[in-house]
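In: Sharing a sequence plus its predicted fold:
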Amino acid sequence: MAEKRQYIRFDWAIKRILRDTANKEVLEGLIEVLTGQPVTIMEILESENNKDSQDDKGNRVDVKAKNQAGEVIIVEVQLTRERDFFQRILFGTTTAVNNQIGIGQDYSTIKKVYSINILYFNFGAGNDYAFHGKTVFRGMTNKDAVLELKTKNEKDYMGGEQRRMLMPDEVMPEYFLLIVDRFNEVATTPIEEWMAYLKDGAISEDTTTPGLQEARRKLAYMSMTDAERSAYREYMVGIHSMQDSIDTARDEGKAEGRAEGMAEEKKAIARNLKGRVAVDIIMQSTGLTKEEIDKL
């Protein structure tokens, strides 16, 4: 059963605690659950959004890491929706690819990139809370055909070195989207246990899910100093205030949208009737003035 102890929210933890390699087991567990393979983070890389101030509650936070194979893992937490969301994800992965290779280097030095995105807002449509995407080449005339390389077990001799030609899924980036607010399940599987922690801070006392036992030990609220707890409470107040502001703006926007929609509908009716019936009838039907009708 889930403990009643309070655990630090993941977005705070990844910003203040999980960048320390001494606490990397938590991130390693999340990556293992999503990718299905154990990882050992060899290095936590600096990212462009390592702000430490209290005025960045609406911003995303991110960590870039490397596993033993040299593959790059980008873990991002986003609190509010951005307009160009997928373009930003693409920019992050392509930047991670470009940073791996210098001028004149062989492309074989490029390692796979995993982009893990944790969203604290509802996004898109689809009857799930966790999504995974990667590049698949499908036939244009035979839709069931998927490109596979017959050279999977063959050797490619280049530059005097013996190398295996990699399959597309071994090279192309993979993307994970975790939509936290959509999760409403009883946590029984590893991904569900992680979603329960991301949403409510709930961690089962007897969990064996990778990363969560470490989270129990290292992310307990009461293990923080008084100063850290004070900063964390201030952060959470800011998060709730930000969400209230977003919800209020959304509600006002919906009301304005309805009003604008009704106005446009009236104009469309008047436009269709204009020239076919008397102006005074159009005025009575739509509530528009003669001047407004004349301008249509």
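Out: That came through fine. Numbering: from 1, shown residues only.

In: Low-confidence regions, the stretch 1-150 of the chain specifically.
Out: Across the stretch 1-150 of the chain, residues meeting the criterion (pLDDT under 70) sit at 1-5, 46-60, 80-83, 149-150.

In: For it, which segments count as strands?
Out: Under the criterion DSSP state E, counting those that start in this stretch, the stretch 1-150 of the chain contains strands at 43-45, 61-66, 72-78, 113-119, 130-134.

In: Need the ones you listed in a markdown table (columns: mean neighbour count and distance to Asn184).
Out: The way it works is simple: take the backbone N, C-alpha and C, and place the C-beta from them, glycine included. Formatted as a markdown table, the strands of the stretch 1-150 of the chain follow (neighbours: other CB atoms under 10 Å; distance: least, CB to CB, whole Å):
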| stretch | mean neighbour count | distance to Asn184 |
| --- | --- | --- |
| strand 43-45 | 15 | 32 |
| strand 61-66 | 22 | 25 |
| strand 72-78 | 23 | 20 |
| strand 113-119 | 23 | 15 |
| strand 130-134 | 13 | 13 |
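
In: Any idea which of the ones you listed gets closest to Asp181?
Out: strand 113-119 (8.0 Å; CB to CB).

In: Run me through the strand neighbours of the closest one, direction for each.
Out: Within its sheet, and counting by DSSP bridges, strand 113-119 is paired with strand 72-78 (parallel), strand 174-179 (parallel).

In: domains of the protein?
Out: For the chain, the structural domains run 10-135+172-223, 235-294, going by automatic domain parsing.

In: Pick the most buried one from the ones you listed.
Out: Neighbour counts (mean count of other CB atoms under 10 Å) averaged over each of the domains of the chain peak at domain 10-135+172-223, with a mean of 17.

In: Show residues contacting stretch 116-129.
Out: When contacts are taken as CB atoms under 8 Å, 6 or more residues apart in numbering, the neighbours of stretch 116-129 outside the stretch itself are 10-11, 30-31, 34, 73-81, 85, 89, 175-183, 185, 195, 198.

In: center of this structure - which residue?
Out: Within the chain, the residue whose C-alpha comes closest to the C-alpha centroid is Asn117; the distance, by CA atoms, centre = their mean, is 2.8 Å.

In: Show me what that one is bridged to.
Out: Asn117 has these beta-bridge partners by DSSP bridges: Glu76, Leu177.

In: Against Glu170, how distant is it?
Out: The gap separating Asn117 from Glu170 is 22 Å, by CB to CB, to the nearest Å.

In: sorry, back to before: turn the strands paired with strand 113-119 into JSON lines, including distance to Val237.
Out: Putting the strands paired with strand 113-119 into JSON lines (distance: least, CB to CB, whole Å) gives the following:
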{"stretch": "strand 72-78", "distance to Val237": "18"}
{"stretch": "strand 174-179", "distance to Val237": "24"}
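
In: And the helices in the chain, which stretches?
Out: With helices called from DSSP state H, the chain shows them at 10-16, 24-35, 85-98, 168-171, 190-200, 212-218, 226-273, 279-286, 290-294.

In: closest to Thr135 out of those?
Out: Each of the helices of the chain has some distance to Thr135 by CB to CB; the shortest is helix 168-171, at 6.0 Å.

In: quick check: mean pLDDT across the closest one?
Out: Over the span of helix 168-171, the pLDDT mean works out to 82.

In: CA-only coordinates of it in PDB, if you can.
Out: Included here for helix 168-171 are C-alpha records, laid out as PDB according to Å, rounded to 0.1, in the frame of the first residue of the first chain:
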ATOM      1  CA  PRO A 168      16.900   2.100 -37.900                       C
ATOM      2  CA  ASP A 169      15.500   1.600 -34.400                       C
ATOM      3  CA  GLU A 170      19.000   1.400 -33.000                       C
ATOM      4  CA  VAL A 171      19.900   4.800 -34.400                       C
END
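
In: Residues in contact with it: which ones?
Out: Residues contacting helix 168-171 (CB under 8 Å, 6+ apart): Ile110, Lys112, Lys134, Thr135, Val136, Phe137, Leu147, Leu149.

In: and with 7 Å instead?
Out: Outside of helix 168-171, the residues that reach it under the criterion CB atoms under 7 Å, 6 or more residues apart in numbering are Lys112, Lys134, Thr135, Phe137.

In: So which of these is the closest to Leu166?
Out: Compare each of the contacts of helix 168-171 with Leu166 using CB to CB and the shortest gap goes to Lys112, at 9.0 Å.
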